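Enquirer: My questions concern the predicted model and sequence given below.
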Amino acid sequence: MGEETYESLRKQLEQQEWPDVYMFKFIVPNTSENIAMTTSLFNEESADINMHESRTGKFVSISVKELMLDVDSIIEKYKEATKIKGLMAL
């Protein structure tokens, strides 16, 4: 994600009231390392994490619902996620 994408996302998110539950969606190559790195971005005790393997088994979609305090914390999660090799944020 580039800075323009983050600014566009920021404008959309600022129209909502925070704190609120936010859903993150990612697709990662199906390796235990990628899955672990992605899920470790979130508090596994309070976040609702769901995973679904693709038909071919090459990828895993990861959806996470977590209570986020503000827009900056959401954008920070996306920035951290982009460090994971092969991750696609939706």
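Expert: Received it, and whenever you're ready, just let me know what you need. Everything quoted here is computed from the prediction, not taken from an experiment.

Enquirer: show me where the protein has strands.
Expert: Taking DSSP state E as the criterion, the chain contains strands spanning 20-29, 48-53, 59-68, 88-89.

Enquirer: Mean pLDDT, distance to residue 5 and mean neighbour count added to those, as TSV?
Expert: C-beta here means a position set from N, CA and C on the backbone, and glycine is covered the same way. Shown next, in TSV, are the strands of the chain (pLDDT from 0 to 100; distance: least, CB to CB, whole Å; neighbours: other CB atoms under 10 Å):
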stretch	mean pLDDT	distance to residue 5	mean neighbour count
strand 20-29	97	14	16
strand 48-53	97	24	12
strand 59-68	98	18	18
strand 88-89	94	9	15
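
Enquirer: okay, those in JSON lines with distance to residue 80 next?
Expert: Output for the strands of the chain, formatted as JSON lines (distance: least, CB to CB, whole Å):
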{"stretch": "strand 20-29", "distance to residue 80": "11"}
{"stretch": "strand 48-53", "distance to residue 80": "15"}
{"stretch": "strand 59-68", "distance to residue 80": "13"}
{"stretch": "strand 88-89", "distance to residue 80": "11"}
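
Enquirer: Figure out which of the ones you listed is closest to residue 6.
Expert: With CB to CB, the closest approach to residue 6 among the strands of the chain belongs to strand 88-89: 10.8 Å.

Enquirer: tell me how far that closest one is from the chain's mean position?
Expert: Its chain's C-alpha centre lies 8 Å from the corresponding centre of strand 88-89 when counted by CA atoms, centre = their mean, to the nearest Å.

Enquirer: Adjacent strands (with direction) for it?
Expert: In the sheet, strand 88-89 lines up against strand 20-29 (antiparallel) (DSSP bridges).

Enquirer: Quick one: residues in contact with the partner strand.
Expert: The contact list for strand 20-29, computed with CB atoms under 8 Å, 6 or more residues apart in numbering, reads 34-35, 38, 42, 58-68, 74, 77-78, 81, 84-90.
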